[in-house]
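Asks: No sequence on hand, only this structure:
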């Protein structure tokens, strides 16, 4: 890990992040906007998938998926730049590693949704209750993403190592 | 008055206890994601995205979005107490509060319009131009509040 940190700290991308004092706050702002888009669109999809807000047409909720990806993409890029900008701080922080673990869980859960729910969702009654498997996927999604959000916000307060 | 506030037991708990500040900050992040996320999704629908989700059904997001708003109003008050004198003289913070105030009013107006006209928009497929403008304004205000809010830590 020390070799990784040293390599990143001498990289051009690290220099770019530190070249201008406003780069970091601007990336933070984009990261906050990204999380709002990601969690906002997921809340609608997952609440409906969990069986709530049944007035919302569940078949049409797939129209929100591009906004999930826009939010995730913004945060993937800015998050990558945070790590490139300050590798020692993140790699030594247990909160950061738990956050990455939860992103992985959320990603695997999204794959589960993609293969199990997405192909059959079109045939569902748009305003009816959802099957148990959909509810499980929805709650895993919501709890892992809100866990990601909490761990991310608390990285500055969580111990190193 | 703000100096007095900073000296209260609540402010000291938030500012100096081990868990007070991070706990309130965590609540503030959760509330932010809910209130901004859901209001922006509503606004995007009104602007014309997510065809197939009826305008009437957007009403079911209302109570969740305002729950996020309340979480942040409360956690925000706690966070405010710990550094009250700094916040009241921080331009970015004052801008943030103004934009949230306007976004809430904007949200309430949109809500009233939706209650009266959503069924009509669903049957005609057309949303009133004034409501689309309000939805764009609402997105701009929430994004502005995020920008100003983050900048309170830097200016």
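Replies: Now that the structure is in, tell me what you want to look at. In this text the structure is predicted, and so the values were computed from the model without any measurement. Residues are numbered from 1 along each chain as shown, chains lettered A, B, ... in the order given.
Asks: so how far is chain B from residue A:71?
Replies: When Cβ to the nearest Cβ, to the nearest Å is applied, the distance between residue A:71 and chain B equals 9 Å. (Glycine included, C-beta is placed from N, CA and C.)
Asks: That residue: how many residues sit nearby?
Replies: Around residue A:71 sit 21 other residues, with neighbours defined as other Cβ atoms under 10 Å in any protein chain shown.
Asks: repeat for residue A:120
Replies: Applying other Cβ under 10 Å, we find 11 residues neighbouring residue A:120.
Asks: and it, what is it in contact with?
Replies: With contacts defined as Cβ atoms under 8 Å, 6 or more residues apart in numbering or on different chains, residue A:120 is in contact with no residue.
Asks: can you pull out the helices in the chain?
Replies: With no chain named, the answer covers chain A. Secondary structure of chain A (DSSP state H): helices located at A:2-9, A:12-19, A:23-49, A:65-85, A:87-91, A:94-112, A:118-121, A:132-154.
Asks: if you could check chain B rather than the one you did, that'd help
Replies: B:2-6, B:9-16, B:20-47, B:62-82, B:84-88, B:91-124, B:129-151.
Asks: now residue A:106, nearest residue through space, not along the chain?
Replies: For residue A:106, ignoring the flanking residues on the chain, the nearest one in space by Cβ to Cβ, 6 or more residues apart in numbering or on different chains is residue A:144 at 4.0 Å.
Asks: From chain B, how far off is the one you found?
Replies: From residue A:144 to chain B the distance is 14 Å (Cβ to the nearest Cβ).
Asks: Get me the contact residues on chain A for chain B.
Replies: Counting by Cβ under 8 Å from any Cβ of the partner chain, the residues of chain A close to chain B are A:25, A:28-29, A:32-33, A:35-41, A:43-44, A:47, A:52-57, A:59-61, A:63-64, A:67, A:146, A:149-150, A:152-154, A:157.
Asks: hmm, back to that, can you tell which of the helices of chain A is closest to residue B:67?
Replies: Taking Cβ to Cβ as the measure, those were each checked against residue B:67, and helix A:23-49 came out nearest at 11.0 Å.
Asks: buried set for that closest one?
Replies: By neighbour count, with 16 or more other Cβ atoms under 10 Å in any protein chain shown as the criterion, the buried positions of helix A:23-49 are A:24, A:27-49.
Asks: Confirm for me that residue A:152 is in contact with residue A:102.
Replies: No - with contacts defined as Cβ atoms under 8 Å, residue A:152 does not count as touching residue A:102, sitting 9.5 Å away.
Asks: tell me the contacts of residue A:90?
Replies: Listed by Cβ under 8 Å, 6+ apart, the contact set of residue A:90 reads A:82, A:83, A:96, A:155.
Asks: Tell me the one of those nearest chain B?
Replies: Minimum separation from chain B among those (Cβ to the nearest Cβ) is found for residue A:155, which lies at 10.3 Å.
Asks: got a list of what the residue of chain B found nearest chain A touches?
Replies: Using Cβ to the nearest Cβ, residue B:37 is the residue of chain B that sits closest to chain A, at 2.2 Å. Counting by Cβ under 8 Å, 6+ apart, residue B:37 makes contact with A:36, A:37, A:38, A:39, A:40, A:41, A:43, B:68.
Asks: Tell me how far it lies from residue B:94.
Replies: Between residue B:37 and residue B:94 the distance, using Cβ to Cβ, to the nearest Å, works out to 24 Å.
Asks: How about residue B:35?
Replies: Looking at residue B:35 against residue B:94, where the rule is Cβ to Cβ, the gap reads 20 Å.
Asks: Looking at these two, which has the bigger crowd around it?
Replies: Applying other Cβ under 10 Å to residue B:35 and residue B:94 shows that residue B:35 carries more neighbours, namely 28 against 14.
Asks: ok, the nearest residue to residue A:139 once chain neighbours are set aside - contacts?
Replies: Counting by Cβ to Cβ, 6+ apart, the nearest residue to residue A:139 once its immediate chain neighbours are dropped is residue A:50, at 6.2 Å. Under the criterion of Cβ under 8 Å, 6+ apart, the contact list for residue A:50 reads A:130, A:134, A:135, A:138, A:139, A:142.
Asks: Now do the contacts for residue 147.
Replies: No chain in the question, so chain A it is. Per Cβ under 8 Å, 6+ apart, neighbours of residue A:147: A:98, A:99, A:102.
Asks: wrong one, chain B
Replies: Residue B:147 is in contact with residue A:29, counting by Cβ under 8 Å, 6+ apart.
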